[in-house]
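Asker: predicted model, plus sequence, below.
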Amino acid sequence: LTYDNGVGRRQVAEDIHAMGLSYGVDIDGDDVLDTWKQGPHPIWAVDSDNDNQLDTHLDVNDDGRITPDDDTDGDGRITVRDGAPIEPPVGLDRIKAVQVWLLAQSTRTVRGHHDNRIYIVADRIIPAAADGRVCSVLHTIIACRNL
């Protein structure tokens with residue numbers, strides 16, 4: 001993971017295996033995150049078809065958590081086909097919060113380490129690699145007050 005401040009690329013982090021983003025939206029413009037089907041949990045949306053419109057709610061079963069259970073067809077991604085399309089799709093100008101995931105792996109293998117966890121990185125379901133590397137997911141929510 002690098003950034004460029006105008007004088008060349010600078011390294012921020014090594015061994016980032018995956019990064020993901022999902023977006024909390026305010027569709028009705030009342031400055032409050034909207035919930036899925038007027039339930040208790042916010043809409044966490046992604047653009048699953050790369051058309052700059054948020055079209056998929058990631059918490060398909062609306063239990064308040066994004067988990068492998070939300071990938072109902074088992075293809076490794078949470079998409080419209082899993083059953084939570086946002087109709088009509090939401091414009092990017094309605095974003096009020098961002099969830100960020102980083103999946104990092106150790107640089108070297110660790111003898112005797114066996115990872116059998118499944119990792120969630122936004123709309124992707126990532127099975128553990130059986131390579132002896134230690135993995136960790138960092139996750140946070142950023143409230144975008146000035147959007």
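Answerer: Here it is on my side, so go on.
Asker: give me the pLDDT for the residue nearest the centre of the chain.
Answerer: The C-alpha lying nearest the average C-alpha coordinate of the chain belongs to residue 122 (Cα atoms, centre = their mean; 1.7 Å). What the model reports for residue 122 is a pLDDT of 95.
Asker: tell me who's in contact with it.
Answerer: Under the criterion of Cβ atoms under 8 Å, 6 or more residues apart in numbering, the neighbours of residue 122 are 20-22, 46, 58, 66, 99, 101. Every residue, glycine included, has its C-beta placed from N, CA and C.
Asker: what about the closest residue to it other than its chain neighbours, which helix or strand?
Answerer: Excluding the flanking residues, the one nearest residue 122 by Cβ to Cβ, 6 or more residues apart in numbering is residue 20, at 2.7 Å. Per DSSP states H and E, residue 20 falls inside strand 16-25.
Asker: just for this protein, where's the confidence low?
Answerer: Within the chain, the stretches with pLDDT under 70 are 1, 147.
Asker: in it, which spans are helices?
Answerer: Along the chain, no stretch is classed among the helices by DSSP state H.
Asker: starting at the chain centroid, how far to the strand holding residue 20?
Answerer: Centroid separation between strand 16-25 and its chain, computed with Cα atoms, centre = their mean, to the nearest Å, is 4 Å.
Asker: got the buried residues for it?
Answerer: 17-25 (16 or more other Cβ atoms under 10 Å).
Asker: got CSV for these, with distance to residue 84 too?
Answerer: Output for the buried residues of strand 16-25, formatted as CSV (distance: Cβ to Cβ, whole Å):
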residue, distance to residue 84
17, 26
18, 21
19, 22
20, 17
21, 17
22, 12
23, 14
24, 15
25, 13
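Asker: of those, closest to residue 128?
Answerer: When the buried residues of strand 16-25 are compared for distance to residue 128 (Cβ to Cβ), residue 17 wins out at 10.5 Å.
Asker: give the contact list for the closest one.
Answerer: Residue 17 touches 103-105, 126, 135, counting by Cβ under 8 Å, 6+ apart.
Asker: do the same with residue 63
Answerer: 41, 69 are the contacts of residue 63 under Cβ under 8 Å, 6+ apart.
Asker: quick one: it from residue 39, how far?
Answerer: As judged by Cβ to Cβ, to the nearest Å, residue 63 and residue 39 stand 10 Å apart.
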